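S.K.: Here is the input, now give the coordinates:
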Amino acid sequence: MMNRRFFWAGFFVLAFARADGAESPWDRPTAPMGKPVEIVVHRSASCGCCGKWVEHMKKHGFQVKDVLEDDMDAVKDALGVPSSLRSCHTGVVAGHVIEGHVPAGDVKKLLEAESGPYGLAVPGMPVGTPGMETQGRKDAFSVIGFDRDGKTSVFTDYRAY
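M.R.: Numbers count the residues shown, from 1 in each chain. Model (predicted):
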């Protein structure tokens, strides 16, 4: 009888914790990279969520070169980010473009692939993505792969939690 009480008490605590502040898949530890990898992040100085995304990338082992820009549209144009995929900050890592709140695990997955898209993007600023966390809300979103011609495909699909 006593073990059942502990079981149910533990179950309800875990269920409540998951519903209230479930850990996001992108917050879980990712495999370490074999060598240091630098990502250059272009962002506006006034954007707080961009700074949070930079911290997310550092947490997952990336060396971040943080570049403050006055004209982000010019940066995105120069790097070939399709207008339909744009967000607030833009990163460049190993010849790939990373647009918006892309989870670090997806960036690592891209870098490990023998062939993959030119860039990854999380269009807009979905609530609950890395850098856009809020208490208890995580919207569904997709990481979109894109090539230099603007052709897109879903790289990773994340469901709401």
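
S.K.: Confirm that residue 121 sits in a strand.
M.R.: Yes - per DSSP: H, G, I helix; E, B strand; the rest coil, residue 121 lies within a strand segment.

S.K.: hey, what's it bridged with?
M.R.: Under the criterion DSSP bridges, residue 121 forms beta bridges with residue 99, residue 144.

S.K.: ok, it to residue 94 distance?
M.R.: 16 Å (CB to CB, to the nearest Å). Where you see a C-beta, it was placed from the backbone N, CA and C, and this is true even at glycine.

S.K.: next one: residue 136
M.R.: Remark: distance between residue 136 and residue 94 (CB to CB) = 35 Å.

S.K.: With residue 152 instead?
M.R.: Applying CB to CB, the value for residue 152 to residue 94 is 20 Å.

S.K.: Comparing these two, which shows the higher neighbour count?
M.R.: residue 152 (18 against 10; other CB atoms under 10 Å).

S.K.: residue ranges with poor pLDDT in this structure?
M.R.: Of all residues in the chain, those with pLDDT under 70 make up the ranges 1-23, 26, 160-161.

S.K.: So which residues of it form strands?
M.R.: 37-43, 62-68, 90-93, 96-100, 119-122, 141-146, 152-158 (DSSP state E).

S.K.: What is the last one packed up against?
M.R.: In terms of contacts (3 or more CB pairs under 8 Å, 6 or more residues apart in numbering; DSSP states H and E), strand 152-158 is packed against helix 104-112, strand 141-146.

S.K.: Which of those sits closest to residue 62?
M.R.: helix 104-112 (6.7 Å; CB to CB).

S.K.: now the closest one against strand 62-68, angle please.
M.R.: Angle, helix 104-112 to strand 62-68, by axes from the mean of the first three to the mean of the last three CA atoms, to 10 degrees: 100 degrees.

S.K.: Tell me the buried residues in helix 104-112?
M.R.: Using 16 or more other CB atoms under 10 Å as the test for burial, helix 104-112 gives 104, 105, 106, 107, 108, 109, 110, 111.

S.K.: Can you name the residues in contact with that helix?
M.R.: The contact list for helix 104-112, computed with CB atoms under 8 Å, 6 or more residues apart in numbering, reads 25-26, 28, 30-31, 33, 37, 39, 56-57, 59-62, 91, 93-94, 96, 98, 116-117, 120, 130, 143, 145, 155-156.

S.K.: do stretch 33-50 as well
M.R.: Stretch 33-50 is contacted from outside by 51, 53-54, 57, 61-70, 72, 75, 88-94, 98, 101, 107-108, 111, 125, 131-132, using CB under 8 Å, 6+ apart.
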